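1. Model the structure of this input:
(4 chains)
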There are 2 protein chains.
Amino acid sequence: MAPAGTGRAPVEGTARPPVMADVARLAGVSHQTVSRVLNQLPNVRPQTREKVLAAIRELAYRPNAAARALVTRRTSTLGVISFDTTLYGPASMLYGIERAARHAYFVSIASLPALDHRGVLDAVDRFLGQAVEGIIVIAPQTSAVAALNGVPASVPLVAVGCGTKAPIASVAVDNTAGAARATQYLLDLGHETVHHAGGPGSWLDARERTDGWLQALRSAGAAEPEVLAGDWSSRSGYEIGHQLAQMPDVTAVFCANDHMALGLLRALAERGRRVPEDVSVVGFDDIPEAAYFLPPLTTVRQDFGELGRRALRLLVDRISGHDSAGSRLPVVPELVVRSSTTRYRH
Amino acid sequence: MAPAGTGRAPVEGTARPPVMADVARLAGVSHQTVSRVLNQLPNVRPQTREKVLAAIRELAYRPNAAARALVTRRTSTLGVISFDTTLYGPASMLYGIERAARHAYFVSIASLPALDHRGVLDAVDRFLGQAVEGIIVIAPQTSAVAALNGVPASVPLVAVGCGTKAPIASVAVDNTAGAARATQYLLDLGHETVHHAGGPGSWLDARERTDGWLQALRSAGAAEPEVLAGDWSSRSGYEIGHQLAQMPDVTAVFCANDHMALGLLRALAERGRRVPEDVSVVGFDDIPEAAYFLPPLTTVRQDFGELGRRALRLLVDRISGHDSAGSRLPVVPELVVRSSTTRYRH
DNA sequence: CGTCACGTTGTGAGCGATAACAATCACTTC
DNA sequence: GAAGTGATTGTTATCGCTCACAACGTGACG
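-> Predicted coordinates for the structure are as follows:
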């Protein structure tokens, strides 16, 4: 047989991946019928469908995503922008998002070393170039939220873990309630007041936790000690611990997160202040290791995975148009009592 | 002016994003010239280039990634398959990879709850459907490596953190050397032998660390205690710690990772065995918190970020054809001495 | 027995970019 | 002054798929 004039000759060396036309030829149908089978459209005779499926298997055919995206204008891709995914919180949220999204979307990531205005906008721009269908920003810093306001609304965008009062679609943990709960618990134990090792002021979560702590103190009429601000790291907790250890009236400390609490515990131990006998300590997050600190840490549990799943649900709702307010309700954190806290004896 | 018969009328409501032809029309050139400007091809008059760039800016034009991918057969996308990205190691590697890749690639992720044969193959398949240009597998488990052997070589694939002896292209930390170094250090401090809280046997890293420990013991002629295997978690370290605390001859313990060491420290403290006076403890990884354990942990530092970067370099080399063996050299970990270890007094 | 409806299948026209090639123009160069 | 050279620009085909619509066959119905 002379080669047909249809163009593509079956070259030996270059194993070009099969395309829909190849499947159609092998199955003895038109390319459109193959497309119908692929997209599960009705009105294909079962027998025909079987032939097509067999041809697909035989050729190990895989539809070309780019060609499909070109015509449907859907990429089935979401973008997640996150600050340092090495941290437990962001990593857990990312994990929750990806697990929930994978059955319907690809998840593309952008990890930023800093959530400055420029970085966030660049990341959004990159994703728009990739034609993602939606973007989730794990944006715990005020600067990030500010940047998001400057984003054109050409693509659905959801923020997560950026405080409950952000002016954009978002899901969040009720940091304020969690912090108030922890503080109240310490006051109920008889402590006259509670000191606070705070997070960095540029983070909404940190501010809200400080707010919750302050609210609890005020409604109890307790003294309001100055906040010692750290940066979430154990190192900063350690430094704050040394400062607090010098103040004899400190009997209870609420830390902005568990890592800072770890550093604080070490500083107190070095100074000979026993926990919980002399000082009670509470953390925030309930990282998996918190139960194995010395002593095991009383802390406020955040369900990061659930947060990620809710963010995804909210985003999918926005992509499809119907905006369900339900998934925006803040996730309420829960106090986990361990042995780093005890009743204050006068 | 009557609307031209070129088809697309400028509809008011449906703001269709601008395409290359729109830019060309506005700039008064052909779409090909626009393409040339976009792809930085030579032989475009500076003046023309400026006109085109101005039109691009005015329309806020953004090239359509799908259309480009369709014709170039390049998606500028990489896939990263990882086991539980919540863990510090995988999260750090992912971070390193993404940071290194972003200037040239999009990074799509797949987090698996378990690295079984099926899950890995599914993830690879998903990525092939997305037409990624390469895949990195953060595959620390033997089962994952086994699964990778069954993958068709249609796309470049690199494994990272899967031990140094895996039969596929990979980069890794020299776990064996690190473990031997830690063990030798303890022996040099005068300990007659070193006990080992091991990781799960299904992980190559765990096996290699156990190997290194064993090698060091053997070459020193020391006794070889039975390995107590955990699962990386603080909880398992805690349980092993309770077992070891009952054995009076235990004076030094090498833990497979820092989290297990944390649990072990707590168990020893509960049993009244002081660290380092009664028992010296060494970890592995040097997570940021290790310096703030009680006492601060002597450990073996792994540079996960560097590992991620090397994995990316190796993958890019393979994509472009020239396979540089250089980046395959194992990363040598470093012993970080803190106060959880001390000389053994007879 | 013609017509209509419906289930099933095929045909042709794009989607928005790049690649290959042709066309034009300003200068040399002999 | 004709031909050749290289820079610049335009024209057309093509990537692999989905969409809109046309065409076909079959049975129900008047």
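
2. any residue of stretch A:304-320 up close to chain B?
-> No: on the criterion C-beta under 8 Å from any C-beta of the partner chain, stretch A:304-320 is out of touch with chain B, staying 8.5 Å away. Backbone N, C-alpha and C define where each C-beta goes, glycine included.

3. Grab the nearest non-local neighbour of A:Val336.
-> Leaving out its chain neighbours, the residue that sits closest to A:Val336 by C-beta to C-beta, 6 or more residues apart in numbering or on different chains is A:Arg301, at 5.1 Å.

4. Looks like the one you found contacts A:Arg338 (just checking).
-> No: if you go by C-beta atoms under 8 Å, A:Arg301 and A:Arg338 don't touch, sitting 11.1 Å apart.

5. Okay, helices next: where are they in the stretch 201-346 of chain A?
-> A:204-220, A:234-245, A:258-270, A:304-320 (DSSP state H, counting those that start in this stretch).

6. out of those helices, nearest to B:Pro17?
-> Evaluated over the helices of the stretch 201-346 of chain A, closeness to B:Pro17 peaks at helix A:304-320, with 16.8 Å, by C-beta to C-beta.

7. now that closest one: how far from the chain's centre is it?
-> How far helix A:304-320 lies from its chain's middle: 10 Å, per C-alpha atoms, centre = their mean, to the nearest Å.

8. Check which helices and strands it sits against.
-> Under the contact definition 3 or more C-beta pairs under 8 Å, 6 or more residues apart in numbering or on different chains; DSSP states H and E, helix A:304-320 sits against helix A:88-101, strand A:134-138, strand A:157-160, strand A:170-171.

9. List the strands paired with the last one, with their directions.
-> Right, the one you point to is strand A:170-171. Paired with strand A:170-171 in the same sheet, following DSSP bridges, are strand A:157-160 (parallel).

10. Show residues contacting the strand it pairs with.
-> Residues outside strand A:157-160 that contact it (C-beta atoms under 8 Å, 6 or more residues apart in numbering or on different chains): A:93, A:124, A:134-139, A:144-145, A:148, A:151, A:166, A:168-172, A:307-308, A:310-311, A:314-315, A:318.

11. quick one on the thing from earlier: show me the contacts for the residue nearest to A:Val336.
-> So A:Arg301 contacts A:Asp285, A:Asp286, A:Pro333, A:Glu334, A:Leu335, A:Val336 (C-beta under 8 Å, 6+ apart).

12. Try it again at 7 Å.
-> By C-beta atoms under 7 Å, 6 or more residues apart in numbering or on different chains, A:Arg301 lies in contact with A:Asp286, A:Pro333, A:Glu334, A:Val336.

13. Can you tell me how far the residue lying closest to the second one once chain neighbours are set aside is from DNA strand C?
-> Beyond its immediate neighbours in the sequence, the residue positioned closest to A:Pro333 (C-beta to C-beta, 6+ apart) is A:Gly178, lying 3.7 Å away. Distance check for A:Gly178 against DNA strand C: by C-beta to the nearest atom of the strand, to the nearest Å, it reads 47 Å.

14. Relative to DNA strand D, which residue of the stretch 101-250 of chain A is the closest?
-> For the stretch 101-250 of chain A and DNA strand D, the shortest gap (C-beta to the nearest atom of the strand) falls at A:Ala131, measuring 14.4 Å.

15. thinking that residue is in contact with B:Ala65, fair?
-> Yes: counting by C-beta atoms under 7 Å, B:Ala65 is a contact partner of A:Ala131 at 5.3 Å.

16. Tell me which of the two has more neighbours.
-> The residue with more neighbours, out of A:Ala131 and B:Ala65, is B:Ala65; 22 against 19, by other C-beta atoms under 10 Å in any protein chain shown.

17. could I get the helices and strands packed on helix A:304-320 as JSON lines with mean neighbour count?
-> As requested, the helices and strands packed on helix A:304-320 are arranged in JSON lines below (neighbours: other C-beta atoms under 10 Å in any protein chain shown):
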{"stretch": "helix A:88-101", "mean neighbour count": "24"}
{"stretch": "strand A:134-138", "mean neighbour count": "26"}
{"stretch": "strand A:157-160", "mean neighbour count": "26"}
{"stretch": "strand A:170-171", "mean neighbour count": "26"}
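
18. Is it possible to get those out as TSV so that each row also shows mean pLDDT?
-> Below are the helices and strands packed on helix A:304-320 laid out as TSV (pLDDT from 0 to 100):
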stretch	mean pLDDT
helix A:88-101	94
strand A:134-138	94
strand A:157-160	90
strand A:170-171	86
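
19. Now do stretch A:20-34: everything it contacts.
-> Stretch A:20-34 is contacted by residues A:Ser35, A:Val44, A:Thr48, A:Lys51, A:Val52, A:Ala55, A:Ile56, A:Glu58, A:Leu59, A:Tyr61 when judged by C-beta under 7 Å, 6+ apart.

20. List the contacts of the helix or strand where the fifth one lies.
-> Here A:Val52 sits within helix A:46-59, counting by DSSP states H and E. If you take C-beta under 7 Å, 6+ apart as the criterion, helix A:46-59 is touched by A:Pro18, A:Asp22, A:Val23, A:Leu26, A:Ala27, A:Gly28, A:Val29, A:Thr33, A:Val34, A:Val37.

21. Distance check, the residue nearest the centre of chain A against A:Glu306.
-> Of all residues in chain A, the one closest to the mean position by C-alpha atoms, centre = their mean is A:Met93, 2.8 Å from it. Applying C-beta to C-beta, to the nearest Å, the value for A:Met93 to A:Glu306 is 9 Å.

22. low-scoring stretches of chain A, by residue?
-> A:1-15, A:162-167, A:323-328, A:346 (pLDDT under 70).

23. Any residues of it in contact with DNA strand C? List them.
-> A:28-33, A:36, A:42-45, A:47-48, A:67, A:70-71 (C-beta under 7 Å from any atom of the strand).

24. and the residue of the stretch 51-200 of chain A found nearest DNA strand C, what element?
-> Here the stretch 51-200 of chain A gets closest to DNA strand C at one residue, A:Val71, 3.7 Å apart by C-beta to the nearest atom of the strand. Using DSSP H and E, the element containing A:Val71 is helix A:65-72.

25. what about that helix and DNA strand D, touching?
-> Yes: on the criterion C-beta under 7 Å from any atom of the strand, helix A:65-72 is in touch with DNA strand D at A:Ala67, A:Arg68, A:Leu70, A:Val71, A:Thr72.

26. need these in CSV with neighbour count, can you?
-> As requested, the residues of helix A:65-72 next to DNA strand D are exported to CSV (neighbours: other C-beta under 10 Å):
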residue, neighbour count
A:Ala67, 16
A:Arg68, 18
A:Leu70, 18
A:Val71, 10
A:Thr72, 11
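
27. interface residues of the stretch 1-150 of chain A facing chain B?
-> A:62, A:65-67, A:69-70, A:75, A:85-86, A:91-92, A:94-95, A:98-99, A:102, A:106-111, A:128-131 (C-beta under 7 Å from any C-beta of the partner chain).

28. And for the stretch 201-346 of chain A?
-> A:233-234, A:238, A:259, A:262-263, A:265-266, A:269, A:288-289, A:292, A:294.

29. Quick check: the farthest pair among those residues?
-> Pairwise over those, using C-beta to C-beta, the maximum falls at A:Ala269 and A:Pro288, 21.8 Å.

30. A:Phe106: neighbour count?
-> Applying other C-beta under 10 Å, we find 26 residues neighbouring A:Phe106.

31. For it, which residues are in contact?
-> A:Phe106 neighbours (C-beta under 7 Å, 6+ apart): A:Ser76, A:Thr77, B:Ser108, B:Gln130.

32. any idea what sits nearest it, other than its immediate chain neighbours?
-> A:Thr77 (4.5 Å).

33. Also A:Ala267?
-> A:Gly241 (2.6 Å).

34. mind listing what the one you found touches?
-> Here A:Gly241 is in contact with A:Gly263, A:Leu264, A:Arg266, A:Ala267, A:Leu268 (C-beta under 7 Å, 6+ apart).

35. repeat that with 6 Å
-> Contacts for A:Gly241 (C-beta atoms under 6 Å, 6 or more residues apart in numbering or on different chains) come out as A:Leu264, A:Ala267, A:Leu268.
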